[in-house]
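Chemist: just coords:
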């Protein structure tokens, strides 16, 4: 922990970065995001199994980016990122939302985080994304801390659920999602926490014309959740923040994960894994499968 | 004239029988489930656990739905026809409501009835019977005692339950509405001992008072411009989770929705003050253009403006907004820091 | 429930501003609809929603209700597509008004910019219909260009009266050949004309930037903040003090406003 704090303090003191986006401890089993500009505050930084948030979401926020520019120079933003959060950063770079040179990635060898604050860290309480995780070491980083440790073993309940839904007929599946989407209250927490939902103005907020009804009734909820699923296909990196943020416990990442599986099958593309490959939607190939057209 | 409280005893079995009858009569019976107040279809669902934490959402949506039509219109050539909405005034019984929820309707009543009376809200709340249940546990986000309430507050309940032992509850009849509701079930009731149930209430551990709401009120008045707001604005992601799970947040939007070429309806939908477009003018001007201003509005509305206007804090201390915040912004902590 | 009204006449005031002259469909409503100068209403274009504008006609001329709007957003675009004979909805009147009774016996100085003339026009006509109650009446109106000036017909009428002084100005560059009015920004024009502040109330409406630069000029001329009346325009939905978006501090603009004195505005949280 001290290594991290000292490193972050030095970055700020040497004015290599304008701010450090990291985690601070709130209670024993809860952390929260903190944006540090004052080197003295780096003593609050932590990294542990309770660092659930995907902080990449802050990299595109105008108010955070405004910290980068002072009168006479432009500085980077340092971000504390789990290896899976690095995927989101990579996806943002691929999509030209940020530049690689604008971020200073401080990452860790990660052995998983808990599914929710307040839980003990063990196989039963492992976050869904950690169960299927294949990247315990970050793919890209500017500084890495921590030793490699074994991730607790756990069953992949979300994959089981996807398989179970696959077995249903389309009507039954529709009923399942209908009952889930009925709960939606349109607080847009799923959108707010998603690093890839970076649009300055979301299609749901556009009123002329009104593409998506703002009411949280069945039709409005379906339009929003389907649009969300499509807009994130080939872009979602599977961080699962939407699941965690949803106050109504709608299993949103089931949809995103299923779409990611589709994208992988059809185009052999996984979002946020390589800075060299172009984005999925930005790269048309004549050999691409036609199966996406219904 | 205020109603004189009556103290009774009811066994758990009889209480469940009563609930069974409420369902049989076709009324809606709500009880705290895991995430929300769920509609009880079968009495075996009922838990009546005074030690459960508040559900993720309150029963606000039953008085103030997340999306409701307020009028229908039909267009033909150049004419328009308006059709009134028939508000479903079905009786709703809330069983085991948390004391941090029971007062919510009373707090909201002021807003929905000053000047113009909101008939949608009023009709619904008239048909509400609230059976409160003493609360025997709290977590780090609870702060009912800081906003003038407590885990044993009967405020807002029509009937109030206090668990005496495994299978008996003291039942207090708090309002005329409660008395009317319980009258048909008087065979289930025995006379109670107020001293005995008071002893239970006194034995309950309560959250420590985290802040003095009067001081907060004063601080907010002096600190409209304060760098503290900026710090929060940097972290908050501008969703409306906090507003929508709040039992007393009440801002709404009015939108028209066509469902065919000539027909449509006007909807009253929940809206949240943390959304950037909430105050965005058509001209592009936005009085609360950045997140720090929006968060400042949220705190000020709850702890200053509403107090000035209606004499009550727009907060029940349930802690839902903090428990559910994706970036762990804790309103108790923020308000406790509303001092120099 | 909104009242239904028929569009009787449409006047194109400027390239982007329109006036509707409206007649309530229900005779009873037409009779009972009572309002005061400065109040506003919610106008519906069914299918696209409601929008908030002041009632631009004077309560002393009740035959037809008028409203003027600049085409900006969803609802105003929708209203713009309507024709004579079409139906719109009106809810109101809402909000407070200019205290014309208290201003009796005073000189009145009206200052308006752009579409800010709409709420001011309502007061001007109200005053002109009871001209004997007030002393000197002067009007200073400015817009970006000649074509942006609204109520050209009304202005001509005011100019033709001997008991009203009217100055119309356009921003530098906005004049056309043959323009016989002033050229210059409103604050500069006021400074030049130097109206007396003695026993004078000001009614000031216009874009925020105009108000910002006009106030110091008025202060220099000796006007007191409590003698300057203006309106605040915030985004509104319900007009009933409920929906929560127009409030500035504990003031609901839709209930406690839209008319405020500059002294009152200074006391509000600076967030509008």
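Modeler: Received the coordinates, thanks. In this text, all values refer to a predicted model and were calculated from it rather than measured experimentally.
Chemist: hey, let's count contacts and neighbours off CA atoms from now on
Modeler: Will do.
Chemist: Touching the longest strand that chain A contains from outside, list them.
Modeler: The longest strand of chain A (DSSP state E) is strand A:17-27. Here strand A:17-27 makes contact (CA atoms under 8 Å, 6 or more residues apart in numbering or on different chains) with A:8, A:11-12, A:31-38, A:44-47, A:51, A:55, A:58, A:67-69, A:75-81, A:104.
Chemist: all strands for the stretch 151-272 of chain C, in order.
Modeler: C:164-170, C:182-183, C:200-205, C:228-231, C:247-248, C:251-252, C:259-261 (DSSP state E, counting those that start in this stretch).
Chemist: typed the wrong thing, it's the stretch 151-300 of chain B
Modeler: B:159-165, B:168-173, B:190-191, B:252-258, B:263-270.
Chemist: Repeat that for the stretch 151-294 of chain A.
Modeler: According to DSSP E, counting those that start in this stretch, the stretch 151-294 of chain A contains no strands.
Chemist: In it, where is pLDDT below threshold?
Modeler: For the stretch 151-294 of chain A, applying pLDDT under 70 flags the ranges A:292-294.
Chemist: near chain C, which residues of it?
Modeler: Within the stretch 151-294 of chain A, the residues that sit near chain C (CA under 8 Å from any CA of the partner chain) are A:207, A:208, A:209.
Chemist: Which single residue in chain A comes nearest to chain B?
Modeler: Distance from chain B to each residue of chain A (CA to the nearest CA) is smallest for residue A:187, at 4.5 Å.
Chemist: Can you get me a residue count around that residue?
Modeler: Residue A:187 has 25 neighbours, counted by other CA atoms under 10 Å in any protein chain shown.
Chemist: ok, it - contacts?
Modeler: Shown in contact with residue A:187 (CA under 8 Å, 6+ apart): B:239, B:240, B:241, B:244, B:272.
Chemist: Would you mind naming what in the stretch 151-300 of chain B lies close to chain A?
Modeler: B:234-235, B:237-241, B:244-245, B:255, B:257, B:267, B:269, B:272, B:277.
Chemist: Three-state assignment for residue C:18, please.
Modeler: Counting by DSSP: H, G, I helix; E, B strand; the rest coil, the backbone at residue C:18 sits in strand.
Chemist: surely it meets residue C:70?
Modeler: Yes. The pair residue C:18 / residue C:70 is scored as a contact, 6.6 Å apart, by CA atoms under 8 Å.
Chemist: Show me the helices in chain C, by range?
Modeler: C:27-32, C:74-80, C:117-129, C:152-160, C:186-193, C:208-220, C:253-256, C:262-267 (DSSP state H).
Chemist: circling back to that earlier point, is it possible to export the strands of the stretch 151-300 of chain B to CSV including mean neighbour count?
Modeler: As requested, the strands of the stretch 151-300 of chain B are exported to CSV (neighbours: other CA atoms under 10 Å in any protein chain shown):
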stretch, mean neighbour count
strand B:159-165, 23
strand B:168-173, 24
strand B:190-191, 13
strand B:252-258, 22
strand B:263-270, 22
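Chemist: what's the neighbour count on residue B:226?
Modeler: Every residue meeting other CA under 10 Å relative to residue B:226 is counted, giving 11.
Chemist: My error: substitute residue C:134 in the last question.
Modeler: Neighbourhood size, residue C:134 [other CA under 10 Å]: 17.
Chemist: And the nearest residue in space to it that is not next to it in sequence, how close does it get to chain B?
Modeler: Closest residue to residue C:134 apart from its sequence neighbours, by CA to CA, 6 or more residues apart in numbering or on different chains: residue C:105 at 4.7 Å. Counting by CA to the nearest CA, to the nearest Å, the separation of residue C:105 from chain B is 33 Å.
Chemist: re earlier: most neighbours of all the residues of the stretch 151-294 of chain A next to chain C, which one?
Modeler: Of those, with other CA under 10 Å as the count, residue A:207 tops at 15 neighbours.
Chemist: Looks like it contacts residue C:75 (just checking).
Modeler: No. If you go by CA under 8 Å, residue A:207 and residue C:75 don't touch, sitting 9.7 Å apart.
Chemist: Which positions in the stretch 101-250 of chain C make contact with chain B?
Modeler: Contact residues, the stretch 101-250 of chain C versus chain B (CA under 8 Å from any CA): C:234-235, C:237-238, C:240-246, C:249-250.
Chemist: How about residues contacting stretch A:122-131?
Modeler: Contact with stretch A:122-131 is made by A:111-116, A:119, A:152-158, A:238-240, as judged by CA under 8 Å, 6+ apart.
Chemist: can I see the domain layout of the chain?
Modeler: Just going to use chain A. A:2-145, A:157-267 (automatic domain parsing).
Chemist: Actually, chain C is the one I wanted.
Modeler: Using automatic domain parsing, chain C is parsed into the domains C:3-94, C:107-231.
Chemist: what distance separates the start and the end of the shortest one?
Modeler: Pointing back at domain C:3-94 there. Distance between the two ends of domain C:3-94: 14 Å, counting by CA to CA, to the nearest Å.
Chemist: now swap in stretch A:96-105 and tell me
Modeler: Note: stretch A:96-105 ends 17 Å apart using CA to CA.
Chemist: for residue A:94, what are its contacts?
Modeler: Taking CA under 8 Å, 6+ apart, one finds A:272, A:275, A:277, A:278, A:279 in contact with residue A:94.
Chemist: circling back: now tabulate the strands of the stretch 151-272 of chain C in JSON lines and tack on mean neighbour count and mean pLDDT.
Modeler: Below are the strands of the stretch 151-272 of chain C laid out as JSON lines (neighbours: other CA atoms under 10 Å in any protein chain shown; pLDDT from 0 to 100):
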{"stretch": "strand C:164-170", "mean neighbour count": "21", "mean pLDDT": "94"}
{"stretch": "strand C:182-183", "mean neighbour count": "19", "mean pLDDT": "91"}
{"stretch": "strand C:200-205", "mean neighbour count": "23", "mean pLDDT": "94"}
{"stretch": "strand C:228-231", "mean neighbour count": "24", "mean pLDDT": "94"}
{"stretch": "strand C:247-248", "mean neighbour count": "22", "mean pLDDT": "88"}
{"stretch": "strand C:251-252", "mean neighbour count": "20", "mean pLDDT": "90"}
{"stretch": "strand C:259-261", "mean neighbour count": "22", "mean pLDDT": "94"}
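Chemist: between the ones you listed, which gets nearest to residue B:307?
Modeler: strand C:251-252 (12.3 Å; CA to CA).
Chemist: Now for residue 260, how many residues are close by?
Modeler: By default, I'm working from chain A. Applying other CA under 10 Å, we find 23 residues neighbouring residue A:260.
Chemist: Sorry, I should have been clearer: chain B.
Modeler: Residue B:260 has 9 neighbours, counted by other CA under 10 Å.
Chemist: And the closest residue to residue C:240 other than its chain neighbours, its phi and psi?
Modeler: The shortest distance from residue C:240 to any non-neighbouring residue, by CA to CA, 6+ apart, is to residue B:116 (6.2 Å). Backbone torsions of residue B:116, given as degrees, to the nearest 10, read phi -80, psi 140.
Chemist: Tell me what angle the longest strand that chain B contains forms with strand B:263-270.
Modeler: If you go by DSSP E, chain B has its longest strand at strand B:67-76. Strand B:67-76 runs at 160 degrees relative to strand B:263-270, counting by axes from the mean of the first three to the mean of the last three CA atoms, to 10 degrees.
Chemist: partners of strand B:67-76 in the sheet?
Modeler: Strand pairing for strand B:67-76, determined by DSSP bridges: strand B:79-84 (antiparallel), strand B:263-270 (antiparallel).
Chemist: any idea how far the residue in chain A that chain C sits nearest to is from residue B:265?
Modeler: In chain A, the residue that lies nearest chain C is residue A:208 (5.7 Å; CA to the nearest CA). Remark: distance between residue A:208 and residue B:265 (CA to CA) = 18 Å.
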